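[1] Next input, structure requested:
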Amino acid sequence: QVHLVESGGGLVQAGGSLRLSCAASGLTFSIYTMGWFRQAPGREREFVATINFSGTSTYYAASVKGRFIISRDNAKATVYLQMNSLEPEDTAVYSCAAGPQYRFAVITTSREYNYWGQGTQVTVSS
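    Here you go, the predicted structure:
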C-alpha cells in the first residue's frame, strides 16, 4: 500500500521560510514524478512545483517561482519543498503527490498524479 506523509508545515510570519518533506513508502520512489500542490480555503487545488523521476527537471507555478525550491532524495524516498519569502497568499494545505513513472517531462496537472498525501497546513501571517 502506498503512503505519502507530509511534514514541516506550521505558522510563520511573512518573509519567513519553511521546509516541507514528503516521505513515501510502498512504491519504487525513484521512478515516479513527484509534485506539490496546495489548496486554500474556498479555492481549488493548484499546482505548486514538480520534479521528474531523475531529478533533472523541475517546474514551478509562476506564483512561487524564485521563492520555492523542490528537490528529492531517492535514497530516502523523500521529496522536499523549500519555501522562502513566504507571503500570506501562500497559506494553504500543501499536499505531495506521486505521478507517472519514468517521465522526463514535468507534469503539472493533478489528474496525472496517482497517489496523494493527506497534506500539511502552512499558515503565513502578515
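[2] Report the beta-bridge partner residues of Ile51.
    When assigned by DSSP bridges, Ile51 has beta-bridge partners Met34, Thr58.
[3] I'd say Pro88 and Ser125 touch.
    Yes: using C-beta atoms under 8 Å, Pro88 is in contact with Ser125, at 7.0 Å. Any C-beta I mention is one placed from the backbone N, CA and C, and that applies to glycine too.
[4] Now the common contact residues for these two.
    Ala14 (C-beta atoms under 8 Å, 6 or more residues apart in numbering).
[5] Off-centre distance for the longest strand anywhere in the chain?
    Secondary structure of the chain per DSSP state E: the longest strand is strand 92-101. A distance of 6 Å separates the centroid of the chain from that of strand 92-101, by C-alpha atoms, centre = their mean, to the nearest Å.
[6] quick one: average confidence on the following helix or strand past that strand?
    The helix or strand immediately downstream of strand 92-101 is strand 115-116, counting by DSSP states H and E. Strand 115-116 shows a mean pLDDT of 98.
[7] Direction included, what does strand 115-116 pair against?
    strand 92-101 (antiparallel).
[8] which of the residues in the partner strand are buried?
    By 16 or more other C-beta atoms under 10 Å, the buried positions in strand 92-101 come out as 92-99.
[9] do the same with stretch 8-20
    Within stretch 8-20, the residues that count as buried by 16+ other C-beta under 10 Å are 8-9, 12, 18, 20.
[10] Pull the distance from stretch 2-21 to the chain's centre.
    Using C-alpha atoms, centre = their mean, the offset of stretch 2-21 from its chain centre is 10 Å.
[11] what distance separates the start and the end of it?
    Start-to-end span of stretch 2-21 (C-alpha to C-alpha, to the nearest Å) is 16 Å.
[12] One more: stretch 81-101?
    End-to-end distance for stretch 81-101: 20 Å, by C-alpha to C-alpha.
[13] same check, this time on stretch 110-126
    29 Å.
[14] same check, this time on stretch 80-100
    End-to-end distance for stretch 80-100, by C-alpha to C-alpha: 18 Å.
[15] mean confidence score for that stretch?
    Averaged across stretch 80-100, the pLDDT comes to 97.
[16] model confidence over the host helix or strand of Ser21, on average?
    Taking DSSP H and E as the definition, Ser21 sits inside strand 18-25. Regarding strand 18-25, the rounded mean pLDDT is 98.
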